[in-house]
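# When you get a sec, could you give me coordinates for this:
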Amino acid sequence: MSDNHIGLREHDGLDQALAAAAADAAAAGSRVFPCTVFRQGRRTMISTSFPYAFLARQVVAESVEKGGDPANTTNRPLMTDHVKNINSYVRENRADYILPPVTLNARQLPALHLPRGNFKNRLGFMVVGDDVRFYVTDGQHRITAIRGHGSGRSAIPGLVDLEQGFEDDSLAVLIVVEEDLKRIHQDFADAAQTKQIPASLLAVYNTREPVNGVLADLVDRTRLFRGRVDATSKTLPKASQAVFLLNQVRQFVKELLFADYALSEDSVARQSSRLLADPRARDELVADAVALVEALSEHMDPWREICALPTTGGPANQVADFRQQYVNMTATGLVIIGRVAYEIRKSADLDWRQDAYRRLATEIDWRRSGSLWAGTILSPDGKISTQRGPVREAADRVKHQLGLLAAA
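Okay, here's the model as predicted:
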């Protein structure tokens, strides 16, 4: 970095750089932002933070209209549902939310005052006037959630327009100095090179979701699940010693609560917040779920055999064999158990419920060769279906056999 860069000035020390930046700002009615200036490849990068009001006023998102030409605009089409979700998340978690940094583009290098030196990474001060505009490379939905969007009844209120203290909040930004639109598009594509978090791991981390709190207690308090649930993988390896993925146990909890393992996450968040808002309701669900799993672990094959095994070592390899032999060792079988238990939980008689759980364990043939599964979840080639229709039909057959559902 040298004086050849437009807008970059070097000074003999940080104090002199600050004084020069303050003088420039006072003369032009501009603002001074402390920043870090560094290089990635051959380009200058600036890292700082902008207050929400500044972002709303001086950061521009050029979204392509649906059906338009994305080659001539900076940003992809705006997804208003995504903007709404971000906006709602911040408003509902005012005290402890997090918005990741956004990447902005500056067509020319802003006015920068830096201490002189050969350091590749330097602290400095950026002077920004009211006429300066930054363009969104990555993060247009976060910026729009802050600014607000639309009008009328469907309008999304800007965070800067709400009387909730957001005027004191800021967002970290990375500013890339680049004027070539094709390179800006490539920057967006490069910034999108992220790997989605496996659903099981997300269930561990996202503790705002009430269902995940129930899930954590259920795994910790049951013999079958404790130490035998894989919380990091996306799929369960064929030879895995784990009984289920954590997300598969989460589907089981969704069945117990909603009778729908495939319920959308928006609906799960909305309904669970209502159903589990009272700590007593949450504790009751946990207690009943633990009672169900423990009853099945005591009476049902092969769960009771698994509970007698160590969680690791040679004997634990039997779990993989059981998975090939039993429906209740599959995600679909776990969902069916949850669907039937949802029906059982409708009774207020705790003793009757406990007896029904025992009957679910002992009166149903959970082997893949069992007559209940052919023509429903089990295909002629031995594959287990995960689709809603076959799962519902199989669960109804189990209910009929237990006398929980009258014959059609």
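# I figured residue 125 was touching residue 24, is that so?
No - shown here, residue 125 and residue 24 do not form a contact pair, counting by Cβ atoms under 8 Å, at 9.1 Å. (C-beta placed from N, C-alpha, C; glycine too.)
# any common contacting residues for those two?
Residues touching both residue 125 and residue 24 by Cβ atoms under 8 Å, 6 or more residues apart in numbering: residue 113.
# Neighbour count for these two, which is higher?
Higher neighbour count among residue 125 and residue 24: residue 125, with 26 against 17, using other Cβ atoms under 10 Å.
# Direction included, what does the helix or strand containing that one pair up with?
Using DSSP states H and E, residue 125 sits in strand 122-128. Applying DSSP bridges, strand 122-128 is found paired with strand 31-40 (antiparallel), strand 111-115 (antiparallel).
# between those strands, which gets nearest to residue 247?
Closest approach to residue 247 among these (Cβ to Cβ): strand 31-40, 36.0 Å.
# which residues sit against the next helix-or-strand element following the closest one?
Following strand 31-40 in sequence order, the next helix or strand is strand 43-51 (DSSP H and E). Strand 43-51 has contacts (Cβ under 8 Å, 6+ apart) with 1, 5, 33-39, 58-59, 106, 109-110, 112, 126, 167-178.
# what do you get for stretch 16-32?
Residues outside stretch 16-32 that contact it (Cβ under 8 Å, 6+ apart): 9-11, 54, 111, 113-115, 124-130.
# Just name the closest of those to residue 91, please.
Using Cβ to Cβ, the contacts of stretch 16-32 come closest to residue 91 at residue 54, 19.8 Å.
# Just want the angle from the strand holding residue 125 to strand 43-51.
60 degrees (axes from the mean of the first three to the mean of the last three Cα atoms, to 10 degrees).
# I'd like to know which elements the next helix or strand after strand 122-128 is packed against.
Using DSSP H and E, the helix or strand that directly follows strand 122-128 along the chain is strand 134-138. In terms of contacts (3 or more Cβ pairs under 8 Å, 6 or more residues apart in numbering; DSSP states H and E), strand 134-138 is packed against strand 59-60, strand 102-106, strand 170-177, helix 181-191.
# picking up where we left off before, looking at the strands paired with strand 122-128, which is nearest to residue 94?
Once those are compared by Cβ to Cβ, strand 31-40 is nearest, at 24.9 Å.
# Of the contacts of stretch 16-32, just say which sits nearest to residue 153.
residue 54 (28.9 Å).
# contacts for the helix or strand harbouring the closest one?
Per DSSP H and E, residue 54 falls inside helix 52-58. With contacts defined as Cβ under 8 Å, 6+ apart, helix 52-58 is touched by 31, 50, 128, 130, 132-134, 143, 146-148, 158-160, 166-167, 169-171.
# Quick one: residues contacting residue 255.
Residue 255 makes contact with 261, 335, 337-339, 341-342, according to Cβ under 8 Å, 6+ apart.
# Also residue 263?
By Cβ under 8 Å, 6+ apart, the residues touching residue 263 are 254, 271.
# ditto for residue 210
Residues near residue 210 by Cβ under 8 Å, 6+ apart: 272-273, 276, 282.
# where does residue 117 land on pLDDT?
Residue 117 is assigned 84 on the pLDDT scale.
# Start at 15, not 1
New numbering, starting at 15: the last item is residue 131.
# That one looks like it's in a helix, true?
No - read with DSSP: H, G, I helix; E, B strand; the rest coil, residue 131 is coil and lies in no helix.
# gap between it and residue 258?
57 Å (Cβ to Cβ, to the nearest Å).
# Now do the same contact list for residue 260.
Residues in contact with residue 260 (Cβ under 8 Å, 6+ apart) are 214-215, 217-218, 229, 233, 243-245.
# and the residues you listed, which of them are in strands?
Under the assignment DSSP state E, the contacts of residue 260 contribute 243-244 to strands.
# sec struct for the residue nearest to residue 179 when sequence neighbours are not counted, please.
Closest residue to residue 179 apart from its sequence neighbours, by Cβ to Cβ, 6 or more residues apart in numbering: residue 108 at 7.2 Å. In the three-state summary, residue 108 is assigned as coil, counting by three-state DSSP.
# what's around residue 330, how many residues?
Neighbourhood size, residue 330 [other Cβ under 10 Å]: 18.
# what residue ranges in the chain score low on pLDDT?
For the chain, applying pLDDT under 70 flags the ranges 15-20, 78-90, 178, 195, 199, 202-203, 205-211, 221, 420-422.
# what about the longest helix along it, distance to the chain center?
Secondary structure of the chain per DSSP state H: the longest helix is helix 293-313. Put simply, helix 293-313 sits 27 Å off its chain's centre (Cα atoms, centre = their mean, to the nearest Å).
# Got the domain ranges for this structure?
22-205, 213-416 (automatic domain parsing).
# What angle do helix 293-313 and the helix or strand harbouring residue 226 make with each other?
In the assignment (DSSP H and E), residue 226 maps to helix 224-234. Computed by the same axes, to 10 degrees, the angle separating helix 224-234 from helix 293-313 equals 40 degrees.
# List the buried residues in helix 224-234.
Buried residues in helix 224-234, defined by neighbour count with 16 or more other Cβ atoms under 10 Å: 224-226, 228-233.
# Adding distance to residue 343, write those out as JSON lines.
Formatted as JSON lines, the buried residues of helix 224-234 follow (distance: Cβ to Cβ, whole Å):
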{"residue": "224", "distance to residue 343": "28"}
{"residue": "225", "distance to residue 343": "23"}
{"residue": "226", "distance to residue 343": "23"}
{"residue": "228", "distance to residue 343": "22"}
{"residue": "229", "distance to residue 343": "19"}
{"residue": "230", "distance to residue 343": "22"}
{"residue": "231", "distance to residue 343": "23"}
{"residue": "232", "distance to residue 343": "18"}
{"residue": "233", "distance to residue 343": "17"}
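# coming back round to it: and the contacts of residue 224, which two are furthest apart?
Maximum pairwise distance among the contacts of residue 224 (Cβ to Cβ): 11.0 Å, between 287 and 296.
# These two: which is more packed in?
Comparing residue 287 with residue 296 by other Cβ under 10 Å, the one with more neighbours is residue 296, at 18 against 14.
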